[in-house]
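# Starting from these lines, generate the structure:
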Amino acid sequence: MSLLVVGTLAYDSIETPAGTAADELGGSGTHFALAANFFTAVRMMGVIGGDFRPEDRALLEEREIDLRGVGTAEGETFRWSGRYEGDCNVAETLETHLNVHGDYEPQLPPEYADSRLIFLANGPPQQQARVVDQARKDSFIVMDTMNFWIQNDNADLRALLKRVDGITINDLEARMLTGEPTLIRAGRAILDLGPRLVWLKKGEHGAFLFSKDFFFALPAYPVSDLVDPTGAGDSFAGGLMGYLAHAGVLDEEHLRRAMVYGSVLASFNVEDFGARRVCRLQRDEIETRYRELLRFTAVA
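Below you'll find the model as predicted:
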């Protein structure tokens, strides 16, 4: 199945207990595409500025990530800086500069019109809705969001939830969106808002998958050397959606298996700053961790 991601290409400056890094290649679309690309070809939509480094574009193109949907606008590329202290599940945002992304109007290229799987990475719900408007009616669409949109664009976000098949959301966001005190009640409440699948991410504690028909809980792959959690959620989504596109099946068995691959990709992402670790990653490393995680969670 053809896979499309709509998200940001960005440069991040990051502070963690492990050190600092400036102007790292990042962005929700970038992290997703690099993870998904281990399983399938990826189409990308977004916008960059004139300062986007040629070597970073070459890196994406060398991995056969289709950039025909990435436009270049006058100005600077999206930039974010953040700090992690103590609980590395939560980032303190220091600066956000939308730059060219602030005026981005997603326009689906004709070559992408047949995209069957679409991931709407974190962004304004009105912007995400414009992609849904242009997508084929039988597309399998999963979205992401964040606390800012839950607080400031709640009505548009809730309207969009009725139009997508799934959502990836973290534990704090799920409680904020639903007002529910427990994650199980929060996950079920999000199902009632419209999507038929809810992936509720809990950082180092794993993730839940809710549907009307089944429930699945998975621990995170245990990582001992945590360097930078930035992009872990997008890598999780990339591994998950990439595997589903490769499998071409969206039944319970493959949704569970895809979630394991998502956890594995996220575990690699956090082991270095930005996209460095995933860019060094080999497919056999992914399969090794996949088998290890299955073994770690087996009863007998």
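# Could you list which residues are in contact with residue 28?
7-8, 10, 121-123, 144, 231, 234 (C-beta atoms under 8 Å, 6 or more residues apart in numbering). Quick note: C-beta positions are derived from backbone N, CA and C, even for glycine.
# can we see that at 10 Å?
5-10, 46, 78, 119-123, 144, 146, 231, 233-234, 237-238 (C-beta atoms under 10 Å, 6 or more residues apart in numbering).
# by contact count, what packs against the longest helix belonging to the chain?
Assignment by DSSP state H gives helix 252-269 as the longest helix of the chain. Counting contacts by 3 or more C-beta pairs under 10 Å, 6 or more residues apart in numbering; DSSP states H and E, helix 252-269 packs against helix 28-36, strand 197-201, strand 207-211, strand 215-218, helix 232-247, helix 276-280, helix 283-297.
# Pull the distance from it to the chain's centre.
Relative to the centre of its chain, helix 252-269 is centred 12 Å away, using C-alpha atoms, centre = their mean, to the nearest Å.
# Stretch 173-184 too?
Using C-alpha atoms, centre = their mean, the offset of stretch 173-184 from its chain centre is 20 Å.
# Just the residues contacting that stretch, thanks.
144-151, 154, 157-158, 161, 167, 169-171, 185-190, 192-193, 198, 200-202, 205, 208, 210, 215, 217.
# what pLDDT does the residue minimising distance to the centre of the chain get?
What sits nearest the mean C-alpha location of the chain, by C-alpha atoms, centre = their mean, is residue 234, with 2.3 Å. In this model, residue 234 is scored at 97, pLDDT.
# for residue 20, same thing?
On the pLDDT scale, residue 20 is placed at 96.
# who's in contact with it?
Residue 20 makes contacts with 13-14, 83, 228, 273, as judged by C-beta under 10 Å, 6+ apart.
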